[in-house]
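Student: Could you work out the structure for the sequence below:
(chains A, B, C and D)
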Amino acid sequence: MKKMLREGDVRIPAGCAIAALVNLRGLPFAGTRIADCIAVMRERSNGLGGGFAAYGIYPEMKDYYAVHVFFDGIPEKREFEYQLRRHFRVVSTGPIPTRRNDEIHNPPIIWRYFVSPENSLLAEEPVRRQEFMVSFITGVNAASNGAYIVSFGKNMGVFKGVGFPEDIADFFRLDEYRGYLWTAHGRFPTNTPGWWGGAHPFALLETTVIHNGEISSYDANRRFIEMYGYRCSLQTDTEVIAYIFDFLCRRLGMSQEEAALIVAPPLWDELAMMEEETANRITRIRAVFSSLLLNGPFSIVLATPDGIMALNDRLKLRPMVAAENEDFVAVASEEAAIRKILTGINRIWSPRGGEPVWGKVDLTHPEREPLYAGEGGSDDAEAAKSKI
Amino acid sequence: MLKLQKAKFEIGRDFDRCVGCGVCVNQCANEVHFRDPYDESVCADDIKCVGCQRCVHLCPTGALRVVSFASRTREHGLWTSTVINEIHLQSDSGGILLSGMGHSRPDTVYWDRILLNASQVTNPSIDPLREPMELKTFLGRKPPLNRKNSLDAPEKYPQLELEIPVMFAAMSFGSVSLNVHKSLARAAMSQKTYWNTGEGGLHPEVRAYRDRAIVQVASGRFGVSPEYLEEGACIEIKIGQGAKPGIGGHLPGEKVTGEVARTRKIPPGSDAISPAPHHDIYSIEDLSQLIYSLKEATAYRKPVAVKIAAVHNVAAICSGMARAGADILVIDGYRGGSGATPLRIRNDVGIPVEFALAAVDRRLREEGIRNEVSLVVSGGIRNSADVAKAIALGADAVYIGTAALVALGCHMCQNCYTGKCNWGIATVNPRLARRLNPDIGTLRAENLLRAWKHELAEFLGGMGMNAIESLRGNRLMLRGLGLTERELEILGIKAVGE
Amino acid sequence: MRYVIIGGSIASVGAIEGIRKFDREGSITVISDEPDPYYSRPLISYYLAGKIDRAGLYYRKPEFYQRNRVQVITGKACNLAPDGVVTLESGEKIPYDKLLLAVGGTPLLYDRLAAGRDNVVGFYTLEDVERIRLQVMPGIRVAVIGAGLVGLKAAEALYYLNAKPTVVDLAPYPLSGILDPVGGEMVERHLRSKGVECKLGMEVSSLEGTPRVKEVVFTDGSHLDCDMVIIAAGVRPNLALAAGTGIDTGQGILVDEHQETSIPSVYAAGDVAQAQELLSGDKKVVPILPLAWEQGRIAGMNMAGHEAVYRGSLAVNSVSLLDMAIMTAGDSRAEGLCAVGDNPPYYRKIVLQDGGVTGLIAINHVDNMGIITGMIRKRVRIEGHESLLLQPRLNGVDVRSCLPTAITGL
Amino acid sequence: MTAVVRRVEAQDEYCMGCGLCRLACQVAHSAYPLSIVKAMKTGSRPVPRMSVESSADGMSFRSVRCLQCEDPECVKICISGAATRDEETGVVLIDEQKCVGCWSCVIACPEGAIIGPGTGRGKAYKCDLCLEREFPACVAACPNRALILREVEVVESTTREG
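Tutor: Numbers count the residues shown, from 1 in each chain, chains lettered A, B, ... in the order given. Next up, the predicted model:
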C-alpha cells in the first residue's frame, strides 16, 4: 500500500482548539495552567496533534537561541548537526526531557540545542542575521531530510506532537517549565497519519502561530508570499500565516496593527462610513496587499516575546473568546476553557470579526511576583499565598 | 461564371402564419426577404442569408425559421462542407476570406476543462445573501514591497477601481455603432467598471462617461490628441488583438461617415488603416518610450495598459512590458473577437488565453513582480465561471467584448465587416444603428454585469471566501478534467481527484 | 352677468362653451328662430341621403342646454338697442349685458326665385331638407342651382336617393369658389361619370311654372326640365338686425380680434361676422363650420371677461363627393405647383408665396394633407423642398423629416 | 383644473420602421385581438390607428399618431360631432358610428394622424390610446422602446363636449 501523504506532501484541512494565556507583567507561571485550559476543549481535537509554545522558559540561557528539533533517525541528526555547527556555535545540547505517556506513540528523536550565531559567518546587523536564520530554518524544513526544526528562538520553545494536547503536555513535562506567555493548540486533522512536525504551534524565529480554521484564500496567500523568498513546505494555513506576519512585521517593519489591517481588513461597507483620510489609507493598503487578505474561517493567536495578538476572520466564522483580569489576558476557542483557569475576570467577550485582541507584556514592570496560587514551583505558590 | 458558393441557411416560412406584415422585409439589411411585386406575397432569397436571426425574432407570428442549409457535400472527415465552401468562395473571388468575431473552430475550451472548488464541512461556505461579498478590484501599478514602501505616495500609483472585475473590451466607434458605446459606457458607469473606446476616439456624446473610459492608442493613432488622452481614466496601448495577431486593422471608407471621421479625426470616406506594427515601436525600449511619453503627457495621473495578443512567448513579452513601465498588462487570447479579420489568421494564429494567463502569472511571480502590475485577460470570456477561473488562474480582471455584444443582441453571424449588422451593433448605417436603443442596451449590459456579480458572489461564497482578491491566483481552487499532465503543469493546477 | 346670444347654430354653441369656461354663474339666453337648435348644417345632405338619422344631426348631447343652464327662447329678434335690450317679434324685450350676434346668413337667390313656388327649396336648414324629403322620389328630375359645396352635396344626396340631379352654375366648373379649373374639371368629370349632369357656365334667367316650377330657363335661351329646384347658391350675412344700430358692417359685421363689434359688449361670430383672415390679414366673411365655432368660442370667452384672441380665418374645406375626396385650404385658386395623375385620378396643387405654402388643393390621395394645412397655418418656409409636398402619397414618407428643421420650425 | 392623462411618447430616434406597432394596433382593434393570424386573415383587414413613416432616404423613421392635442383641430372641424375630446382622460376620439367620412379631420390634423381616405371604409380612424388596456398595443409591441407610455399632468381646457 502506498504510504499516505503527510503535511507538506498534501494539504490537509483540520479543525482545532486554541488557547493562549499571557501575564501582562511578564511574570512566569507553570505550563500546567495552559494544559488545564486546552484540556477542557478535548472534543475539539481528535488526538492527532497537540502543542504548546512557551515564552520565558529558559531565563538562564536567554542570550542563546534555543533550537527544538525532531529527527527521524540518527543519520539525519548527524547531518543536521553538521549543518548547524557550520553556522552556529553550539553552547549546549541534549534531548528534551519527556515522560512516558500511554497515549503518546512513536515519538521522533527530540533534541534541543542552545546556539549562538557564528560571527565569522553572520553579519552583526540584526536584520541580516535574522534573514539568514530564517533561510536556514526554512531551508532545513523544506528539504524534508528527516530533520525538522520545531522552534528556533531565544528564551522560548515549542513543544508539540501527535496526541491530545494534555497528553503532549504531560509527555513534555510542561508542569516543570515556567513561562509568562503560553499558547496551546489541539488539532482535528481530517487524515489519520499524524506527523509530529505537522502539529502546531508553528514557529518562525521567536514568532509562533496557533490557528483554528481553514484559510480558503490559502493558495492566493501562498503564491504571493512565495514571491518573497518563503517556501510553504508544510502546506498548512498556520505556516503561511506565520510567514505573512514575518514578512509584514519583520521584513517590511510594519506594526502588528497594520498587519492585522492587511490580513483582516474592514469590509468596504464599513470603510464607507469611516473618516475619509483613514478610509483612503486603508483602501491603499488593501489595494497593494490584497493577496494577503486571509479569507475563510479562522481564529489565530500570534505570539511574540512581547505578547499576543488574537484575531478572528472578518465574518467571525470560527469561535474565539477573550478575557482579562488585572494581570492576565486569555484567549480560547471556548469560554469554558477560560473560566477554568482565570479568576477575577474583569471582562470576558467575544471579539468582533477582524478586530484584534491584544495581550502586550510589560517586560519592564518592576513587580515580578507571580499571582497564581496553583502555579508549579512551591516558592511561587508560597509567594502567591502570602499575597492573598 | 457559375458561382460555386452555396447558401448557408434556408428560410422556412409557415404561410399559414405569415400575415404579410413585412417586418422581415424591412428588417433584413441583406435583402433576403422581399415582396413579390406581382402578388405582394413575401419571399426569400436564401443565399443572401447570414443567419443573424433578426427576422425570426421580429416575426410577430413566429412564421419564420432560419435553419442550416440541408444540402451538404458527401461526408468526408477532412474535406468538410465548410472547407469546400471556403475554397469555392476563394475560387469565386480570388480574395482573402474575411470574417468577424473570434476563432470559430470547436477546439478544446480549457475553461470548460477546469472546475471550481466548494467548501464542505471543514470550512463553511458563505451565503452571499447574508454576508457582504466584495468584488472590488484595483488595477494599476502597486509599489514594490520593501521597508521604504511607497504606501504614502498614492499619487505615484494611480488605480482603477472596479466593483466587478469585468470590463468592456475595446471596440471602436466605427466598427460598432455609437449606441453600442453609449450602452456600454452607461453600464460601466452605473456598475462602476470601465469601458474601452477602442481605436476610434471618444465621441462627444459619450464624453459624459469618460471617468469610466479607457482610451486606446493603437497603431493608427485614430482620434488621439492630448485632450483625448486626458479624458480617459486609463490609457491602453494596443499592440495586438487576439482575433488578428500580427496584422493591422482596416475600417473601410464607407464606414467612415461624418461622425466616425470627426471622432477619428480623419477625412470622411477615407479608409482608416491601422498598420500591423506601431511604426514607432520596433522594440521593447520603443514601447517603454511610448509608455513614458503617454505618462508624461498626462502627468502620471493615469495608469497605462498595454494590450497584446496571446502568442507563443507571451510570458517573456509580458515580463518585458511590465519592466518597460506598463501598469496593466492585457492579454487577448485567440478567441478574442473582431469586426473584421482574415479568417485564416483568426483561426490559426495565437494561443488560448488560459495558457497565456497561466504562463504569464507564473513568470511574473517567479520574477517577484506579479504584485506590481495588474493582469487583465480577454478573448472568449463567456460567463461568470470563465471569469472566476481566469481570476483563480491569476488574472486581476477580464475584458468582455463578444459577450457584451451578445448581451446587446448579437447573434454571432460573423458578418460584422459587411456593415449590415441587422442588430444595429457592428454598423454605422443610421437605418440599422437606431435598432439598438441605448436605453435598452444599457439595461441589458447592466443586467449581464449584475447577473455575473451575483454568480461570482455565489462562487466565492461556495469556496468559503467573501473577497475576490482571495480567489486571485488561488489555483488550489481549480482542478483540471481530462487534461494531460503537461497541460495541468502549464496551467499550474491539479487534476480532479487530487 | 346676462349673456344673450341671437342664433342657435354652431357659433352659438361655441359661445356657450366659451362663456361657461370662465363664467359658471351668469345667465345665458339663446334666441333662435329655428325650433331645432344646434344641429350640424353640413350634415343635412347626409340626412337627406339617409346616411344618418335625425338624431345623428345633433353634435351635442341632448342635455347640452340644460347642463350649461341656457335659457332658450324660440323667436326672432327684430330690434337691437345698443343700450342693452333686444326686442323680439313677439314684442318681448330681453335685456343683456353682453350680446352675441350669431345670426348666420341668408341663402342667395332664394327669395327671388322661390317666392310662391312650392317645389323650390333652399338647402340650408333642417326645415329645407324636411321639405325636400316630402317631395323627392326615385327618378325625379331636380335642378340644383349652385355647384358649390352645398349644391354638390345636395346633388350627391339626390343621386343616392336615385333622383336625377342636374347641377347648374354660372361658373365654368364646379366648386369654383375653392378649386381651380384643373381641379374643377376633374370634379366635373367625376360627376358626369356617375351620371350627375352639369350645366355649367349657364346663368339662370328664370324658373318657369307656378305653383310648381317645370323648367329652368337660362339667359342663353336654353331650358332645363325639372320636377324640383334646389337653390344652393351660397349665403350672404344677415345684416338686418345690425342695420341702423351703428354697428359697422362691410360684407358682414366687422369684428376685431376679440370678435367684438364696433359697439362695446356686442359681439358677432359665424357666417355673419367679417373677421380677420389669417393669410392676408384682411377682414373677410369665411362661412365655414369650424371657423364659426372658433369665433363663437372666442367671443364667448371675451364676453365672460377672459381675453382671447382670434387667430384668423383660414378657409379649409374637405368634402367627399361620390367617393371622391376633395380638399382645399387657403389660397387654393392661386397659381402653384401641380401634380396630376390617373387611376384613380388625383390632383395635388401647392400654392407658394414667400417661400411658404399658402394654399393647397388635393383630390384623392388626401392622406395626411393636414400636415400641409399645418404648414400653411404656421407659415412654415419650405424653400427647395416643394416637390416633396407634391408626391402622390405623403403616406409612408415623412415629409417633415425631409425638411431641415432649421427652416421648418416644426 | 389639472388632470393626469396618458400619452404615448415617440422616440423616433429609435424607431426602426419595423411596423410592429402598426400591426399590433390593427390586431388590437380587430375582432380577434388575441390572435394576430386570425385578426389579419379573417375577413377584411383591420384598420390601424397609427402608422410609421420613413424618411425619403429610408434612413430614419417616424411614428405618426394622434398626439391627443388639448385643443384639437379635428374636433373643431368635425361636422358630425364624431370627433370629441374626453375631458377626464384627455383622449380625442372619433365615433365610428357618427363619422360621415367627410375627411375634414384629415385636412385639419397637423400631425397627419388620422387614417381614413386610403382605407376604403369611409370612416376616419385615430388612436384611442387603447384605454381599456394596461398598455396601448403599439407601446407593448415596440421591440425597441421607441414608443413610451407616459402619464403627464395637463392643465385642462374646456373644449367641445361630446
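Student: Please name the residues that touch B:Pro275.
Tutor: The neighbours of B:Pro275, taking CB atoms under 8 Å, 6 or more residues apart in numbering or on different chains as the test, are B:Ser219, B:Gly220, B:Gly248. C-beta here means a position set from N, CA and C on the backbone, and glycine is covered the same way.
Student: Against chain A, how distant is the last one?
Tutor: Relative to chain A, B:Gly248 is positioned 36 Å away (CB to the nearest CB, to the nearest Å).
Student: That residue and B:Thr341, how far apart?
Tutor: Distance check for B:Gly248 against B:Thr341: by CB to CB, to the nearest Å, it reads 11 Å.
Student: Have a look at the two and say which one is more surrounded.
Tutor: Neighbour count, other CB atoms under 10 Å in any protein chain shown: between B:Gly248 and B:Thr341, B:Thr341 has more, with 31 against 16.
Student: Tell me the pLDDT of the more buried one.
Tutor: Note on B:Thr341: pLDDT of 92.
Student: Might one say that it is in contact with B:Gly246?
Tutor: No: counting by CB atoms under 8 Å, B:Gly246 is not a contact partner of B:Thr341; they are 11.1 Å apart.
Student: Now the residue nearest to D:Trp103 when sequence neighbours are not counted: phi and psi?
Tutor: Distances taken as CB to CB, 6 or more residues apart in numbering or on different chains put C:Ser318 closest to D:Trp103, at 4.5 Å, once the chain neighbours are dropped. C:Ser318 adopts backbone torsions of phi -140, psi 130, taken as degrees, to the nearest 10.
Student: What count of nearby residues applies to whichever residue of the stretch 251-400 of chain B sits closest to chain D?
Tutor: In the stretch 251-400 of chain B, no residue comes nearer to chain D than B:Thr257, which is 11.0 Å away by CB to the nearest CB. With neighbours defined by other CB under 10 Å, the count for B:Thr257 comes to 16.
Student: nearest spatial neighbour of it, skipping sequence neighbours?
Tutor: Spatial nearest neighbour of B:Thr257, excluding adjacent residues (CB to CB, 6+ apart): B:Val428 at 5.3 Å.
Student: and the one you found, that's in a helix?
Tutor: No: note on B:Val428: no helix contains this position according to DSSP: H, G, I helix; E, B strand; the rest coil, which reports coil.
Student: who's in contact with C:Gln71?
Tutor: When contacts are taken as CB under 8 Å, 6+ apart, C:Gln71 is in contact with C:Ser27, C:Ile28, C:Thr29, C:Val30.
Student: just the buried members of those residues?
Tutor: C:Ile28, C:Thr29, C:Val30 (16 or more other CB atoms under 10 Å in any protein chain shown).
Student: Report the secondary structure state of the second one.
Tutor: Of the three states, C:Thr29 takes strand according to three-state DSSP.
Student: Would you map the helices across the stretch 201-350 of chain C?
Tutor: Applying DSSP state H, counting those that start in this stretch to the stretch 201-350 of chain C gives helices spanning C:289-303.
Student: near chain D, which residues of it?
Tutor: When proximity is defined by CB under 8 Å from any CB of the partner chain, the stretch 201-350 of chain C lies next to chain D at C:289-290, C:293-294, C:316-320, C:323, C:325, C:327, C:329.
Student: what about A:Trp349, neighbour count?
Tutor: Under the neighbour criterion other CB under 10 Å, A:Trp349 is assigned a count of 11.
Student: same thing with B:Ser172?
Tutor: By other CB under 10 Å, 26 other residues sit near B:Ser172.
Student: what about the residue in chain D positioned nearest to chain A, how many neighbours?
Tutor: Checking chain D residue by residue against chain A with CB to the nearest CB singles out D:Arg145 as nearest, at 34.3 Å. Using other CB under 10 Å, D:Arg145 is surrounded by 13 other residues.
Student: ok now do the closest residue in space to it that isn't next to it in sequence, which residues does it touch?
Tutor: What sits nearest to D:Arg145 in space, not counting adjacent residues and going by CB to CB, 6+ apart, is B:Asn437, at 5.2 Å. Each residue near B:Asn437 by CB under 8 Å, 6+ apart is listed here: B:Asn179, D:Gln11, D:Tyr14, D:Asn144, D:Arg145, D:Ala146.
Student: Please pick the buried ones from those residues.
Tutor: Neighbour counting by 16+ other CB under 10 Å classes B:Asn179, D:Gln11, D:Tyr14, D:Asn144, D:Ala146 among these as buried.
Student: in a helix, that's where A:Ala66 is, yeah?
Tutor: No: when three-state DSSP is applied, A:Ala66 is found to be strand, with no helix at that position.
Student: Could you give the bridge partners of it?
Tutor: Each beta-bridge partner of A:Ala66 is listed here, defined by DSSP bridges: A:Phe114, A:Gly153.
Student: just C:Val266 next, same as before
Tutor: Applying DSSP bridges to C:Val266 gives these bridge partners: C:Leu99.
Student: so it touches C:Asp248, yeah?
Tutor: No: no contact is recorded between C:Val266 and C:Asp248 when judged using CB under 8 Å, the distance being 10.9 Å.
Student: Compare these two and say which is more crowded by neighbours.
Tutor: Using other CB under 10 Å, the more surrounded residue of C:Val266 and C:Asp248 is C:Val266, with 25 against 13.
Student: show me the contacts for that one.
Tutor: C:Val266 sits next to C:Leu80, C:Pro82, C:Lys98, C:Leu99, C:Leu100, C:Leu101, C:Ile247, C:Glu260 when contact means CB under 8 Å, 6+ apart.
Student: Show me where chain D has its strands.
Tutor: For chain D, strands defined by DSSP state E occupy the ranges D:2-10, D:51-54, D:61-64, D:83-85, D:92-94, D:147-155.
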